[in-house]
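Engineer: Provided below are the primary sequence and the corresponding predicted coordinates.
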Amino acid sequence: MKLTICWLYGSTMNIYGDRGNVLALAQRCRWRGIEAEVVTLGVGEPLEAGRYDLFFWGGGQDREQVAVAADISGPKGEVLRAEVEAGAPLLAVCGGYQLLGRFYRPHDGPELPGIGLFDAWTIAGHERFIGNIVVDSDEFGEVVGFENHSGRTYLGPGARPLGRVRVGRGNNGEDGTEGCRHRNAIGCYLHGALLPKNPAIADFLIAAALRRRYGDVTLSPLDDTVESAARASAVRRAVGTR
Amino acid sequence: MDPRLVLAVMAGKASAFLIRRLGRGGGTAAPGVVASTIDPAVLDKLARQVDGGCVVVAGTNGKTTTSRMLAGILTQSGRRVIHNRSGSNLVRGITAAFAEQSTVTGRPRGDVAVIESDEAAFPEVVRRTRPRLVLLLNLFRDQLDRYGELDTIAARWGETLRSLPPDATVVVNADDPALATLTEGLTAARRTFGLTDGRYQLDDLPHAADAAVCRRCGAPLRYERLFLSHLGDYACDACGYQRPALDVAARDVQLCGLEGLALTLHTADGPIAVSAGVPGLYNAYNALAAAAAALTLGVRPEAVTEGLARFRSAFGRIERVTYRGRKLVIVLVKNPVGFNEVLRMLEMGGAAPTLILINDLDADGRDVSWLWDVDAERLLDVPVPLYTGGIRGDDMALRLKYAGIPEERLVPLGDLPDALDSFVDDLPADGTGFILPTYTAMLRLRELLAARGVVQAFWEE
Ligand SMILES: [Zn+2]
């Protein structure tokens, strides 16, 4: 078996160790004997429908976000949305998460259109939310990471959050939600990197990709002792520092 | 005489003395706060009186080492140098250093000042000290949760640089495309330095690299040669921008494992051979930067060579101690670029068991995500056991696991002091071990070793 992972804008949007997410997906496939290929797709490079099993999209700096917003608003965004609606798993963190919503409104300059995959929108805030964050999710249990964003994301009636914030600020610092879920797509603000410390989410994405390509596949369990220790110490720090 | 300034300087000196007497560590920043409370313009007033002018050194990596190299060269040339040598590089630490190195009547005791500046404090440091020379080393992603994003820093630096008068000089690392672009078209003069040596080039842009796009037009840069992270000889095929011509170029770089390095500087006045007792390509850049600044200040080539040859490594950057019969080599790691360089050095310098200590306090950066930008995969071919410890040692263990390092080579330990004891217990009786701590883990380690009678405290150097 083989999975092809598409790292959207991986050469410019790979801030705060987001590369760890791609590494976690690839390694957790390989440790199970599943071949994993990572393809980085940049601005101007077309997204071919049906070629990729799993999508990852990380965060970037403002300058990069503008170029990427223009790129994804074309046919590429259409293909990505169709893939997700057909069940393709996707993880988007921070900047990528914001551009999957309806729009991003900066302090100055024009509004950046999103592709509207999530019923959500983001407005630039003044205070930056920085720190360890712990989220309780019905699907994935305790999720831990590090948030660092000034955008405030608000969920519309058609969106459900990834979970409730236990420690930290989350989507907007007001309503206690963090992240967004739709089909097999997850958007959120958690760096850390997210997937190595939260292997339940990594395995959810891998399982969804395998199911779509190969039918009913059961994931063999891995020894997650090191992962659990890192998650536990991150949660301790979150509780101790915020 | 300015009575307010005199009082401020005296109060600064007195509090530094008291802090030391009370055994509260170096006392490097608090006296600056005390002095500035009495006279908010104390730094401006003292800096203005330095006849030979001030030099401000800024960059993400290597500013402490480079400042100390430059101060050493200037001392070698016969100048008296004022310098914030403890690496306390915010405005209050710089103020404290000036107060400490001035007479009680408010006269600085030096012909020239070498000021290491924090990235975020750079605009204010320049505004207050009005430097004759600004030395720019590099701009890497470092502790973004403290500084805000890289572009914001670059924009602030740009404003500051454009405000410099025509009699100031900016000496800049032209191998850093972001800095090369920032220093175009200034009122101040510009002198460039860089590498022209192909021996240590990298095959690919490492993952920690930041500025792989042209800052003029946004197209990806093409590298003729890549030396360290995003530092190299680059060109933009879209708009024709390329690395500016080098006023001081380093060639024939020789890295001798952990022992030291040598290189030849090529200038309009002919070649200058230099060597220094610090390892790694990043220190070759530091030596090159210090030499370029010294030459710009009119220092004779012999003093540059002599000053660098006498250089000892800066506090905590690399340090060798003997503890319980074992040789410990301690190297600070604080961001992906520096960490990657240390890993390159380990590959070349002979393998030994290694303890990595990761903390996440304010001075380390509270976000440990940066560990995922470290090319830990380099350790796959270094066949030694890898120990992890510190407040976030578990995150480092996880990073190593996902790098593909077999779990039997990983030894997760807890926080200090237990991590140190277990690690040293495991080393052979007269063996060598590497310890790679983040900043606060290094302070803690030094404290522990000092309490056990091993290392002199740094402010006593
Ligand atoms: Zn260009």
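Structural biologist: Perfect, I can see it now. Residues are numbered from 1 along each chain as shown, chains lettered A, B, ... in the order given.
Engineer: tally of neighbours for B:Val6?
Structural biologist: 18 (other CB atoms under 10 Å in any protein chain shown). For the C-beta atoms, the positions are set from N, CA and C on the backbone; glycine is no exception.
Engineer: same deal with B:Leu5?
Structural biologist: For B:Leu5, using other CB under 10 Å, the count is 23.
Engineer: Remind me which helix or strand it belongs to.
Structural biologist: Under the criterion of DSSP states H and E, B:Leu5 resides in helix B:3-21.
Engineer: In the stretch 301-450 of chain B, what residue lies closest to the ion?
Structural biologist: Per CB to the ion, B:Val337 is where the stretch 301-450 of chain B lies closest to the ion, at 23.4 Å.
Engineer: A:Asn148 reaches A:Tyr16, doesn't it?
Structural biologist: Yes. Assessed by CB atoms under 8 Å, A:Asn148 is found in contact with A:Tyr16 at 6.5 Å.
Engineer: From the opening residue of stretch B:409-427 to its closing one, how far?
Structural biologist: 14 Å (CA to CA, to the nearest Å).
Engineer: go on, stretch A:91-105?
Structural biologist: End residues of stretch A:91-105 are separated by 22 Å (CA to CA).
Engineer: Scan the helices and strands of chain A for the one with the lowest mean pLDDT.
Structural biologist: Lowest mean confidence among the helices and strands of chain A (mean pLDDT, DSSP states H and E): helix A:62-72, at a mean of 80.
Engineer: center of the chain - which residue?
Structural biologist: Since no chain was named, I'll use chain A. Against the mean C-alpha coordinate of chain A, by CA atoms, centre = their mean, the closest residue is A:Ala92 at 2.5 Å.
Engineer: sorry, should have said chain B
Structural biologist: Most central in chain B (CA atoms, centre = their mean) works out to B:Gly62, at 2.2 Å.
Engineer: any idea how far it lies from B:Leu332?
Structural biologist: Distance, B:Gly62 to B:Leu332, using CB to CB, to the nearest Å: 11 Å.
Engineer: Write out the residues of the stretch 201-350 of chain B neighbouring chain A.
Structural biologist: Contacts of the stretch 201-350 of chain B with chain A, taken as CB under 8 Å from any CB of the partner chain, map to B:His207, B:Ala212, B:Val213, B:Gly218, B:Pro220.
Engineer: Emit the ChimeraX select command for whichever of those are buried.
Structural biologist: A single ChimeraX command is used to select the members of these judged buried by 16 or more other CB atoms under 10 Å in any protein chain shown:
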select /B:207,212,213,218,220
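Engineer: Past the helix or strand of chain B with the lowest mean pLDDT, which element shows up next along the chain?
Structural biologist: Ranked by mean pLDDT, DSSP H and E, the weakest helix or strand in chain B is helix B:144-147, scoring a mean of 48. Remark: after helix B:144-147, the chain's next helix or strand is helix B:150-162, criterion DSSP H and E.
Engineer: so where's the stretch 1-150 of chain B shaky on pLDDT?
Structural biologist: In the predicted model, the stretch 1-150 of chain B carries pLDDT under 70 at residues B:21-27, B:141-149.
Engineer: And for chain A?
Structural biologist: Within chain A, the ranges that satisfy pLDDT under 70 run A:62-63.
Engineer: for whichever strand or helix holds the residue of the stretch 301-450 of chain B closest to the ion, packing partners?
Structural biologist: Secondary structure assigned from DSSP H and E places B:Val337 in helix B:336-348. Identification of packing neighbours for helix B:336-348 by 3 or more CB pairs under 8 Å, 6 or more residues apart in numbering or on different chains; DSSP states H and E yields helix B:281-296, strand B:432-437.
Engineer: and after it, which helix or strand comes next?
Structural biologist: Going down the chain from helix B:336-348, the next helix or strand is strand B:354-357, by DSSP H and E.
Engineer: For that next one, name the packing helices and strands.
Structural biologist: strand B:386-389, helix B:393-402, helix B:418-426, strand B:432-437, helix B:439-451.
Engineer: Return the list of strands paired to that strand, each annotated with direction.
Structural biologist: Strand pairing for strand B:354-357, using DSSP bridges, gives strand B:386-389 (parallel), strand B:432-437 (parallel).
Engineer: Can you name the residues of chain A that neighbour chain B?
Structural biologist: Neighbours of chain B within chain A, by CB under 8 Å from any CB: A:11-12, A:14-20, A:23-24, A:27, A:61-63, A:67, A:128, A:130-132, A:146, A:148, A:191-193, A:196-197, A:226-227, A:229-230, A:232-234, A:237, A:241.
Engineer: and the longest strand along chain A with helix A:62-72, angle?
Structural biologist: Looking across chain A with DSSP state E, the single longest strand is strand A:120-137. Calculated by axes from the mean of the first three to the mean of the last three CA atoms, to 10 degrees, strand A:120-137 forms an angle of 110 degrees with helix A:62-72.
Engineer: Contact partners for the nearest residue to the residue nearest to the centre of chain B once chain neighbours are set aside?
Structural biologist: Among residues not flanking B:Gly62 along the chain, B:Asn286 sits closest, at 4.4 Å (CB to CB, 6 or more residues apart in numbering or on different chains). Residues near B:Asn286 by CB atoms under 8 Å, 6 or more residues apart in numbering or on different chains: B:Gly62, B:Thr65, B:Thr66, B:Met69, B:Leu137, B:Val278.
Engineer: Adding secondary structure, write those residues out as CSV.
Structural biologist: Output for the contacts of B:Asn286, formatted as CSV (DSSP: H, G, I helix; E, B strand; the rest coil):
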residue, secondary structure
B:Gly62, coil
B:Thr65, helix
B:Thr66, helix
B:Met69, helix
B:Leu137, coil
B:Val278, coil
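Engineer: Which members of these are the farthest-apart pair?
Structural biologist: Spatial extent of those (CB to CB) is set by the pair B:Leu137 and B:Val278 at 14.8 Å.
Engineer: Neighbour count: those two, which is higher?
Structural biologist: B:Leu137 (28 against 23).
Engineer: phi, psi of that one?
Structural biologist: Note on B:Leu137: backbone dihedrals following degrees, to the nearest 10 are phi -90, psi -50.
Engineer: Hmm, it is touching B:Gly62, no?
Structural biologist: Yes. The pair B:Leu137 / B:Gly62 is scored as a contact, 5.4 Å apart, by CB under 8 Å.
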